[in-house]
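# A structural model of the following input is requested.
(one chain, ligands or ions: 1)
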Amino acid sequence: MTIFKMRYIDLDKLRVPSGWFDRAQTAKLAVAAGADPNDYSSVWRELKDGMYDLSSFKCWYCESNIDRSDNAVDHFRPKNSVSDAAKAHNGYRWLAFDKSNFRLSCTFCNSRRVDVVYGTSGGKADRFPLIDENTRVYVQGSILLEHPLLLDPCEIEDCELIGCKQENGEPCAASTDPLQEKRAQVSIEVYHLDRDATNILRHTAAAGLISDILEAKIRFDVAQIDGTKKPDFMSVAKRIKRRIVSDAPYSGEMKYLLRGQRSAEHPWINQLLEA
Ligand SMILES: [Zn+2]
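Numbering: from 1, shown residues only. You can find the predicted model right below:
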């Protein structure tokens with residue numbers, strides 16, 4: 001069984017500080033004239049607080065909590081180089097200060113990992129594979145025809161393409177369409193979604209929620225017969241509510257899991273989800 005994993009982030013809701021677009025434009029012109037995008041990193045760092053607000057301090061790729069001190073703004077289209085490009089690529093420099101290109105990312109999702117034993121490497125860093133490499137854009141221009149292989153938390157359809165196994169928290173493809181399955185698999189590798197520590201935390205949260213739901217169902221049935229037992233039910237219902245509020249760990253998946261438990265006999269589940 002799979003449960004919903006990636007949480008959709010609506011970038012249009014990102015609030016920017018006063019004068020930010022002017023500062024972004026100045027930086028963009030300087031980079032077009034040859035400057036290094038990193039010399040203007042303060043421009044994207046200014047948006048960090050607003051980005052934290054959109055996800056309650058969680059990584060947009062894996063939903064793990066992010067430390068405030070992390071260098072957490074990832075450029076979805078890399079700004080300095082692109083290791084997947086068929087020809088030498090200097091990065092999507094013209095998008096370095098475009099807020100539609102920013103994603104909040106934890107260190108595990110955006111930093112390079114190298115496995116010295118097997119000689120493999122992962123981690124987003126400068127990775128940006130495409131569905132069709134022939135559509136790759138190298139110089140300032142439209143990216144509309146360039147379709148990423150990586151799943152994007154800011155695309156609502158992409159968020160439904162990845163899930164995790166209830167029995168162990170391991171991430172997996174949620175679609176059986178071969179292309180979408182491939183996109184999920186590549187994303188799991190590039191974003192480090194198969195990191196054991198995260199799987200364990202995700203699984204622990206899922207197991208705790210399921211156990212609370214079972215307990216609440218029993219207590220609800222008892223309270224239906226004996227009204228004085230209602231407080232016992234309410235205390236478990238509150239515990240469940242705390243597991244699905246937006247700042248709770250893996251709340252996107254927890255909500256999905258709770259949604260799967262709805263039934264006519266237990267209308268309180270719907271009430272918790274809608275409250
Ligand atoms: Zn992450």
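# Show me which residues of the protein are close to the ion?
59, 61-62, 64, 106, 109 (Cβ under 5 Å from the ion). Every C-beta, even on glycine, is put in place using the N, C-alpha and C of the backbone.
# Let's have those in TSV, adding secondary structure and neighbour count.
Shown next, in TSV, are the residues of the chain next to the ion (DSSP: H, G, I helix; E, B strand; the rest coil; neighbours: other Cβ atoms under 10 Å):
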residue	secondary structure	neighbour count
Cys59	coil	25
Tyr61	coil	27
Cys62	coil	24
Ser64	coil	22
Cys106	coil	24
Cys109	helix	25
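# State the distance from the residue of the stretch 151-275 of the chain found nearest the ion to Ser105.
Nearest residue of the stretch 151-275 of the chain to the ion, counting by Cβ to the ion: Tyr191, 6.4 Å away. For Tyr191, the distance to Ser105 equals 8 Å [Cβ to Cβ, to the nearest Å].
# Look at those two and report which has more neighbours.
The residue with more neighbours, out of Tyr191 and Ser105, is Tyr191; 29 against 26, by other Cβ atoms under 10 Å.
# check contacts around the more buried one.
For Tyr191, the contact set (Cβ atoms under 8 Å, 6 or more residues apart in numbering) comprises 61-62, 109, 124, 150.
# list residues touching both of Tyr191 and Ser105?
Counting by Cβ under 8 Å, 6+ apart, the shared contacts of Tyr191 and Ser105 are 61, 124.
# mind putting the residues of the chain next to the ion in TSV, pLDDT included?
Formatted as TSV, those follow (pLDDT from 0 to 100):
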residue	pLDDT
Cys59	89
Tyr61	90
Cys62	85
Ser64	80
Cys106	84
Cys109	83
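# Arg219: which of those is nearest?
Among the residues of the chain next to the ion, Ser64 lies closest to Arg219 (Cβ to Cβ), at 31.9 Å.
# ok, and the closest non-adjacent residue to the closest one?
Ranked by Cβ to Cβ, 6 or more residues apart in numbering and with sequence neighbours excluded, the top spatial neighbour of Ser64 is Cys106, at 5.1 Å.
# Please, which helix or strand holds Phe233?
Using DSSP states H and E, the element containing Phe233 is helix 230-244.
# quick one: average pLDDT of that helix?
The pLDDT scores in helix 230-244 average 95.
# Likewise for stretch 165-182?
86.
# follow-up on the earlier one: list just the nearest of the contacts of Tyr191 to Glu265.
Cys62 (35.1 Å).
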